[in-house]
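J.: fold the following and give me the result.
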Amino acid sequence: MMPSQTTPPPQPGDRLVAAIEAQTVAIGRAMDRSVLILLAAATVGVAVMALVAG
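T.: Predicted coordinates for the structure are as follows:
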């Protein structure tokens with residue numbers, strides 16, 4: 001007979017690893033959003049400078 005397959009009990013570092021992974025994903029998303037905001041701000045800045053310069 002084959003022994004039944006059971007999931008191993010959680011290890012002490014599992015929660016820490018999961019928290020670090022979640023934080024890494026959140027930081028990545030925030031950085032993507034920040035890049036888009038910076039590009040938009042730069043575009044508006046260039047447009048305003050062009051209007052001011054005449």
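J.: model confidence score at Gly54, please.
T.: The pLDDT attached to Gly54 in the predicted structure is 75.
J.: same check, this time on Ala41
T.: 96.
J.: how near is it to Glu21?
T.: In this view, Ala41 and Glu21 are 31 Å apart by Cβ to Cβ, to the nearest Å. C-beta: built from backbone N, CA, C; applies to glycine.
J.: helices along the protein, start to end?
T.: Using DSSP state H, the helices of the chain run over residues 14-53.
J.: okay, which residue is most central for it?
T.: Gly28 (2.1 Å; Cα atoms, centre = their mean).
J.: roughly how far does that residue sit from Glu21?
T.: From Gly28 to Glu21 the distance is 11 Å (Cβ to Cβ).
J.: do Leu51 as well
T.: From Leu51 over to Glu21 (counting by Cβ to Cβ), the distance is 46 Å.
J.: same question, Val46
T.: The gap separating Val46 from Glu21 is 38 Å, by Cβ to Cβ.
J.: ditto for Gly45
T.: 36 Å.
J.: do the same with Ala47
T.: As for Ala47, its distance to Glu21 is 40 Å (criterion: Cβ to Cβ).
J.: also Thr7?
T.: 19 Å.
J.: who has more neighbours out of those two?
T.: Just comparing Thr7 and Glu21: by other Cβ atoms under 10 Å the higher neighbour count belongs to Glu21, 10 against 5.
J.: how about the more buried one, what does it touch?
T.: Glu21 makes contact with no residue under the criterion Cβ atoms under 8 Å, 6 or more residues apart in numbering.
J.: so where's the chain shaky on pLDDT?
T.: 1-3 (pLDDT under 70).
J.: try it again with 90
T.: The chain contains residues with pLDDT under 90 at 1-13, 54.
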